[in-house]
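**Student:** Predicted structure and sequence below. I'll ask about it afterward.
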Amino acid sequence: SEIRTSLEYRQLNDSSLQSQMDSTDITIQLGLNDLNEIKRLVKVATSVNNTYLAATEMAIKDMNGNKLSAVSPSMALQASSFEGDTVRPELLEFYLDLSSEILTLYFSETVRTSTIDANSFTLLSSESASDAQQMYRLSGGISTSPNHRFLTLSLTRPDLNEIKRLTGLATMKNN
C-alpha cells in the first residue's frame, strides 16, 4: 500500500496487518520507520485533506483468492476520517562533541528542525538541577538538519567558550 498526495508520498515498508479475522475492515499498524517518515513529509497525513491511500492488486485477496482491484496513485482514495498526531516528542539522549562544536539530540519521533529553540536547552553537571554544581543554558545555535529523529545543533562561539570555562561541566560523560 502507498500513502500519497500530489507532491509527497510514502511507500509503507515496515507496517503490519493488525486485524486477525477475515473481514471487510482491516487495520494496518504503522511501523516506526513508516510513521517517522510520514511525519517528516510535511504535506502528507496532517489532515483528512492530504491523507490518501493507493494499493497494488497484491495488497489483499478476498475469501475466494481474488486480488484487490488496484487503487492507483493517480486515483488514490481519500481518508474518510483522520486523527492527527497528539503525542509529544521525547528527548531520549544527546551527544555533546566540543571538538566538532556540535550537540546531537535524539528524539522519540521525527521533529521539525525549524522549531528548535536552542535557548531552551541547559547543560547540567548532574541529573537534576538541585544536585548540579554547574549548569549552563545555551544562548543560541543553528541546526541545518532535515526534519528527522536526530537533530544536530552547531553551538555558538560564546556558548562553547563558557562551557569550556566551567571545569565541572561537560568534561566527562557523567557531568
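**Tutor:** Right, received. Where do you want to start?
**Student:** Assign a three-state SS to residue 167, would you?
**Tutor:** Recorded secondary structure, residue 167: coil (DSSP: H, G, I helix; E, B strand; the rest coil).
**Student:** residues near it, how many?
**Tutor:** Residues near residue 167, counting by other Cβ atoms under 10 Å, number 10. C-beta coordinates here come from the backbone N, C-alpha and C atoms, glycine included.
**Student:** same deal with residue 109?
**Tutor:** 17.
**Student:** How much space separates it from residue 41?
**Tutor:** Separation of residue 109 from residue 41 (Cβ to Cβ, to the nearest Å): 13 Å.
**Student:** Next up, the contacts around residue 149.
**Tutor:** Residue 149 makes contacts with 36, 106-111, as judged by Cβ atoms under 8 Å, 6 or more residues apart in numbering.
**Student:** Show me what the longest strand anywhere in the chain is packed against.
**Tutor:** The residue-count maximum for a strand in the chain (DSSP state E) belongs to strand 102-111. On a contact count with 3 or more Cβ pairs under 8 Å, 6 or more residues apart in numbering; DSSP states H and E, strand 102-111 meets helix 32-40, strand 91-97, strand 148-154.
**Student:** Show me the one of these that comes nearest residue 72.
**Tutor:** helix 32-40 (19.9 Å; Cβ to Cβ).
**Student:** Check which residues of that closest one are buried.
**Tutor:** Within helix 32-40, the residues that qualify as buried are 34-40, counting by 16 or more other Cβ atoms under 10 Å.
**Student:** and stretch 9-27, what's its mean pLDDT?
**Tutor:** Average pLDDT, stretch 9-27: 77.
**Student:** who's in contact with it?
**Tutor:** Contacts of stretch 9-27 (Cβ under 8 Å, 6+ apart): 1-3, 28-34, 37-38, 41, 44, 54, 60, 63, 73.
**Student:** May I have stretch 31-42 as CSV, with CA atoms only?
**Tutor:** Backbone C-alpha positions of stretch 31-42 (Å, rounded to 0.1, in the frame of the first residue of the first chain) are rendered in CSV as follows:
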residue,chain,number,x,y,z
GLY,A,31,5.8,0.6,11.8
LEU,A,32,8.1,3.1,13.5
ASN,A,33,10.1,3.8,10.3
ASP,A,34,6.9,4.4,8.3
LEU,A,35,5.4,6.6,11.0
ASN,A,36,8.5,8.8,11.3
GLU,A,37,8.9,9.1,7.5
ILE,A,38,5.2,10.1,7.2
LYS,A,39,5.7,12.7,9.9
ARG,A,40,8.8,14.0,8.1
LEU,A,41,6.7,14.7,5.0
VAL,A,42,5.0,17.9,6.0
